[in-house]
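> Next comes the sequence, and after it the predicted model I'd like to discuss.
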Amino acid sequence: MDKARYCGAQKRQIPPEEMACPVKTPSLSQASEVYGVLVSLIASDRAQRGAPRLCTSAILQKGVELLRASRSPWIVTGFAVPPLNVAETDGPPGAVALARALKKLGKHVVLATDPLCLPVVVGAARGLAYEGDIQGVQSAEEILFPSRGHKPDLLIYVERLGSAEDGHYYNMRGEDIGDYTLPLDKAALRALGSGIPCLAIGDGGNEAGMGLFRDELKVMLPDFASCLSVIPATVTLPVDVSNWGCYALAELLGPSSLGLSQGEEEAMLREMSAVGAVDGVTKRGGLTVDSFSLDVLNEVTRSIRCLFDKKNDEAP
């Protein structure tokens, strides 16, 4: 049996006519509606994968609270796409955008990934002109007990694989890609055990942090149950595209805008493409993320920006 078909939770490839469909920002009458509107923008389950339906305003708010309380957050990202030996375009842009926002708030931020994904993360940083600390690591120990920089008081996982119940690492096609995935997710278990909180952003169920929703996801995605991550987090944000979750969190850290400006996502995608990054769904290079076109990506980020512009206009 074709395992990709058997595990049928893989990301739905978006048809061109749907990819070009603009996202309309809902009207905002009160500032208190921001979280709910954001959830409708970033977690509408437009790719029909299930996990984003678990997203709530309360989860988004708890994520912001963890970020604000931290002083030395570490952001772990990078999702390998075999057999191409490169990282996908979802994860690094969001991680870099969130790192920039946290750094602007005076946090001691470290971006971490494995050596295979490092060129793509560096490419995303170059596209955003981000000059923070970026480290290539190979183990949980290097995250929890770094040779340079501050020890983490918060771990943030952005589109990073978490191991399944059998200890293996599965992509959304149900393929075991453990040979391409270093066990950086294990830092979450050790951190949680020692009282260090973890925030996770994912979109499919196989990412670090999604173990928090494993019972619900087993019911929603029975054919993919054996591939689901068992790695939990303090707060897990399930969204349509992991990058979008990070962009929303960055804006929420305010008071002034800390999210993406026009053209910045395209700049990151171009720099990542130049070092070989591919779309995780199509496995092709180019300016797409999870098969969503640049037009759709730009419309979502624009809608997030417009939402906060409207919020600031309506503030007393």
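Nice, thanks for sending it over. Residues are numbered from 1 along each chain as shown.

> quick one: contacts for the closest residue to T113 other than its chain neighbours?
Counting by Cβ to Cβ, 6 or more residues apart in numbering, the nearest residue to T113 once its immediate chain neighbours are dropped is G78, at 3.7 Å. Every residue, glycine included, has its C-beta placed from N, CA and C. With contact set as Cβ atoms under 8 Å, 6 or more residues apart in numbering, G78 has these partners: 87, 91-92, 113-114, 116-118, 120-121, 159-160.

> go with 7 Å
Applying Cβ atoms under 7 Å, 6 or more residues apart in numbering, we find G78 in contact with 87, 91-92, 113-114, 117, 121, 160.

> who wins for neighbours among these?
Most neighbours among the contacts of G78, by other Cβ atoms under 10 Å: P92, with 36 neighbours.

> This structure: strands as residue ranges?
Taking DSSP state E, the strands of the chain run over residues 73-77, 80-81, 86-87, 110-113, 133-136, 154-158, 198-202, 235-238.

> Each with direction, which strands does the last one pair with?
Take DSSP bridges as the rule and strand 235-238 pairs in its sheet with strand 198-202 (parallel).

> With distance to L98 and mean pLDDT added, can I get the strands of the chain in TSV?
Shown next, in TSV, are these (distance: least, Cβ to Cβ, whole Å; pLDDT from 0 to 100):
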stretch	distance to L98	mean pLDDT
strand 73-77	6	98
strand 80-81	21	97
strand 86-87	17	97
strand 110-113	9	98
strand 133-136	13	98
strand 154-158	7	98
strand 198-202	9	98
strand 235-238	11	98
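
> Grab the nearest non-local neighbour of K104.
In this structure, K104 finds its nearest non-sequential neighbour in L258, 5.8 Å apart by Cβ to Cβ, 6+ apart.

> Next: L128.
Among residues not flanking L128 along the chain, V96 sits closest, at 5.3 Å (Cβ to Cβ, 6+ apart).

> residues near that neighbour, how many?
30.

> so how far is V120 from it?
From V96 across to V120, the span is 10 Å (Cβ to Cβ, to the nearest Å).

> excluding its backbone neighbours, what's nearest M210?
In space, M210 is closest to S229, 4.4 Å off (Cβ to Cβ, 6+ apart).

> The one you found: what's it in contact with?
S229 touches 162-164, 205-208, 210-211, counting by Cβ under 7 Å, 6+ apart.

> go again using 8 Å as the cut-off
Counting by Cβ under 8 Å, 6+ apart, S229 touches 161-164, 185, 202, 205-211, 214.

> Also V300?
23, 41-42, 241, 244, 247 are the contacts of V300 under Cβ under 8 Å, 6+ apart.

> Now do E251 against G209, distance only.
For E251, the distance to G209 - Cβ to Cβ - is 21 Å.

> Those two: which has the busier surroundings?
It is G209, of E251 and G209, that has more neighbours when counted by other Cβ under 10 Å, with 28 against 24.
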